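> What follows is a predicted protein model with its sequence.
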Protein chains: 2
Amino acid sequence: MNMYTPLRQQIERFVKLSDAEWNMLLPHLEIRKIRKHDRFAEEGEKAHEIGFVLEGMFRHFYIHQGEERTTYFYFENHFITSYISCITGQPSQLTIEALSDATLIVFPYRVLAGFFEINLNWQKFGRLIAEYLAIGLEERMVGLLTLSPEERYLELIQGNKKKIIERIPQHYIANYLGITPVSMSRIRNRVLKK
Amino acid sequence: MNMYTPLRQQIERFVKLSDAEWNMLLPHLEIRKIRKHDRFAEEGEKAHEIGFVLEGMFRHFYIHQGEERTTYFYFENHFITSYISCITGQPSQLTIEALSDATLIVFPYRVLAGFFEINLNWQKFGRLIAEYLAIGLEERMVGLLTLSPEERYLELIQGNKKKIIERIPQHYIANYLGITPVSMSRIRNRVLKK
DNA sequence: GCTTTTTATTATCTTTTGTTATCGTTTTGA
DNA sequence: TCAAAACGATAACAAAAGATAATAAAAAGC
């Protein structure tokens, strides 16, 4: 049991790794401390690193007409990266910012990409991660298309996303639900009275 | 050049296949004709097939409070399947319906899944397909979260999704944009006057 | 500990959207 | 070919959301 154990455990929720396979990655890992408000990825810059959150939390946001629109949150034991920038090589559209002081395990995407090409098991990990992402995005999209803002709020407070409600400032959550902070406050008020 | 060539070409936009690799798949392919309004996948049933559209078009929809909500369209040279049902093994949440008479190449998902486990190149194909999906879903989600319905409509008619506007009934497009058909009609009217 | 900044609520006003219904037009299928 | 169904535009009204501003409470930073 060391600093890196949570990362291995998380990877092994997707594929079992032999010690040899794990040792391929180990030398490339780095522990990085990040202060609140610091950024892990920046809009306009190519992302080339993957982070794994040991402590702390993050949000990611897009900039639309000069305004930040927060669309996702990350907590302990999750990966953070501008995934699309990594896989396409294009500049990132999104910025990832620490919402608290945080500790990450960091490694370069190109190391992982290298493993993909030579090892079936790592390639499979790449597939399963992408599938995991796609499933999450699909669910999210369907919610946005088929539920009203109030229904989305109710789903959030009743569902398995408790961490978000408990730990994230409300105006960011409003963004996440696709509404304004004022509107969210009204919805809370409405829901309370029922 | 035969019936199956478009499928091979499409796969090879993701990974180059040796003839040997292509021949792994070939014996499992089937040509299937589908009539307008027929279904390729059905809500509540486990999906186990992947289709590739040779001719025709499809929509997929979810059922929310008894109403169909169309969220995506498929045209020639695209894959259709309840992807999430295939990879999770859970019953499909969505239904795929032909919007015109159509011709498909069909093969079982389990065949592909078998290839994943024994061939690095096919495994890579699986990863790249999932990544492709994730990128599309992410773009879509960001549009829903950051653009107004009118902006989404403008993006649709100006962007590279011309096929949708040209070939799909308007009330389905309204669903796709996350608004009601009536609201979409108003937006069209507003946009026209500018 | 105290000031500044951030955050959430509330009120007002305007705009947009949803709902329902009506009415031509087009498409479909028997 | 002809009746039925599907489709799109529009109107009227209600409900909800956006924009803005004022205020209060909480958190952050020095």
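Thanks, I have it.
> Need the pLDDT of residue A:194.
What the model reports for residue A:194 is a pLDDT of 59.
> Could you check which helix or strand contains the residue in chain A that DNA strand D sits nearest to?
When scored by Cβ to the nearest atom of the strand, chain A has residue A:183 as its residue closest to DNA strand D, at 3.0 Å. For glycine as for every other residue, the C-beta is placed from the backbone atoms N, C-alpha and C. Counting by DSSP states H and E, the element that carries residue A:183 is helix A:181-192.
> Next, see if that helix gets close to chain B.
No - counting by Cβ under 8 Å from any Cβ of the partner chain, chain B is not contacted by helix A:181-192; separation bottoms out at 13.6 Å.
> Quickly note the distance from residue A:14 to DNA strand C.
Residue A:14 sits at a distance of 34 Å from DNA strand C (criterion: Cβ to the nearest atom of the strand, to the nearest Å).
> I'd assumed residue A:125 was in contact with that residue.
Yes - in this structure, residue A:14 sits in contact with residue A:125. The criterion is Cβ atoms under 8 Å, and the distance is 5.4 Å.
> that older thread, just give the number of residues close to the residue of chain A closest to DNA strand D.
Around residue A:183 there are 15 other residues, counting by other Cβ atoms under 10 Å in any protein chain shown.
> Got the confidence number for it?
94.
> tell me the contacts of it?
When contacts are counted by Cβ atoms under 8 Å, 6 or more residues apart in numbering or on different chains, residue A:183 touches A:149, A:174.
> Kindly report the same for residue A:7.
A:29, A:52, A:105.
> pLDDT score for it?
Residue A:7 carries a pLDDT score of 98 in this model.
> Check residue A:98 too.
95.
> same deal with the one 5 residues further on?
As summarised for this prediction, residue A:103 has a pLDDT of 95.
> got it, and residue A:93?
In this prediction residue A:93 is given a pLDDT of 94.
> Could you double-check that it sits in contact with residue A:83?
No - using Cβ under 8 Å as the test, residue A:93 is too far from residue A:83 to be in contact (11.1 Å).
> Of these two, which one has the most company?
Set side by side, residue A:93 and residue A:83 show unequal neighbour counts under other Cβ under 10 Å, the larger going to residue A:83 at 22 against 17.
> State the mean pLDDT of whatever helix or strand residue A:156 lives in.
In the assignment (DSSP H and E), residue A:156 maps to helix A:149-158. Here helix A:149-158 scores 91 as its mean pLDDT.
> show me where chain A has helices.
Ranges of helices within chain A are A:5-11, A:19-25, A:83-88, A:109-118, A:120-146, A:149-158, A:162-167, A:170-177, A:181-192, based on DSSP state H.
> Of these, give the one that comes closest to residue A:45.
helix A:83-88 (8.1 Å; Cβ to Cβ).
> what about the closest one and chain B, touching?
Yes - contact between helix A:83-88 and chain B is present through A:83, A:84, A:87, A:88 (criterion: Cβ under 8 Å from any Cβ).
> Pretty sure the third one sits against residue B:133.
No - with contact defined as Cβ under 8 Å, residue A:87 and residue B:133 do not form a contacting pair (11.9 Å).
> I'd like to know which elements the least confident helix or strand in chain A by mean pLDDT is packed against.
Least confident element among the helices and strands of chain A, by mean pLDDT, DSSP states H and E: helix A:162-167 (a mean of 83). Judged by 3 or more Cβ pairs under 8 Å, 6 or more residues apart in numbering or on different chains; DSSP states H and E, the packing partners of helix A:162-167 are helix A:149-158, helix A:170-177.
> Which stretch among the ones you listed approaches residue B:25 most closely?
Between residue B:25 and those, the shortest gap by Cβ to Cβ is with helix A:149-158, which sits at 40.0 Å.
> Could you tell me which residues of chain A lie near DNA strand D?
Taking Cβ under 7 Å from any atom of the strand as the test, the list of chain A residues beside DNA strand D reads A:36, A:37, A:148, A:149, A:150, A:178, A:179, A:180, A:182, A:183, A:186, A:187.
> ok, how many other residues are close to the last one?
When neighbours are counted by other Cβ under 10 Å, residue A:187 registers 20.
> just the fifth one next, same as before
Neighbouring residues of residue A:150 were enumerated by other Cβ under 10 Å; the total is 17.
> was I right about it contacting residue A:189?
No - taking contacts as Cβ under 8 Å, residue A:150 lies outside contact range of residue A:189: 11.1 Å.
> Excluding residues flanking it in the chain, which one is nearest residue A:127?
Nearest residue to residue A:127, sequence neighbours excluded (Cβ to Cβ, 6 or more residues apart in numbering or on different chains): residue B:127, at 3.9 Å.
> quick one: that neighbour and residue A:123, what's the gap?
Computed as Cβ to Cβ, to the nearest Å, the residue B:127 to residue A:123 distance reads 6 Å.
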